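Student: predicted coordinates and the sequence they were generated for:
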Amino acid sequence: MENPFIKIYILQYIKEFKNLGCEILLGHSRKSYISAFYNSKASERDLEIIAISKYLMENVVDYLRVHNVIEHQKFFVADHMINYIL
């Protein structure tokens, strides 16, 4: 069985990977590590994943692979409006 805390640890130190001098693509969407702090089915994890996506985009991840592209787009457009336009 996978240890979800190892994946959370990787997320905490994602900036260290950038020091290797390469672009970072992360596929974190609907993974089982979410169950470490909220027990749900994979298809019900989109809200948590969007929150994690925001953290990752603010911490040097270059590309995200996600399942729910439309919800991510809606979130990031609204986030941009709040932070840079309003």
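Tutor: Structure received.

Student: tally of neighbours for I14?
Tutor: 16 (other C-beta atoms under 10 Å). Yep, even glycine has a C-beta here, placed from its N, CA and C like the rest.

Student: now L11
Tutor: Residues near L11, counting by other C-beta under 10 Å: 15.

Student: which residues does it contact?
Tutor: Neighbour list for L11: H28, I52, Y55, L56 [criterion: C-beta atoms under 8 Å, 6 or more residues apart in numbering].

Student: now do the buried residues in the helix or strand hosting it.
Tutor: Following DSSP states H and E, one finds L11 within helix 4-12. Across helix 4-12, burial judged by 16 or more other C-beta atoms under 10 Å covers K7.

Student: quick one: the helices in the chain?
Tutor: Ranges of helices within the chain are 4-12, 14-18, 46-58, 69-80, based on DSSP state H.

Student: mind checking which of the contacts of L11 are buried?
Tutor: Among those, the ones that count as buried by 16+ other C-beta under 10 Å are H28, I52, L56.

Student: measure the first one to K74 for me?
Tutor: H28 sits 18 Å away from K74, taking C-beta to C-beta, to the nearest Å as the criterion.

Student: N68 too?
Tutor: 10 Å.

Student: which ones are touching K18?
Tutor: I24, V60.

Student: list the contacts for the residue nearest to G27 when sequence neighbours are not counted?
Tutor: Among residues not flanking G27 along the chain, R65 sits closest, at 3.8 Å (C-beta to C-beta, 6 or more residues apart in numbering). Neighbour list for R65: L25, L26, G27, H28, S29 [criterion: C-beta under 8 Å, 6+ apart].

Student: of the residues you listed, which belong to strands?
Tutor: L25, L26 (DSSP state E).

Student: export the helices of the chain to TSV and append columns for mean pLDDT.
Tutor: Below are these laid out as TSV (pLDDT from 0 to 100):
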stretch	mean pLDDT
helix 4-12	81
helix 14-18	86
helix 46-58	90
helix 69-80	96
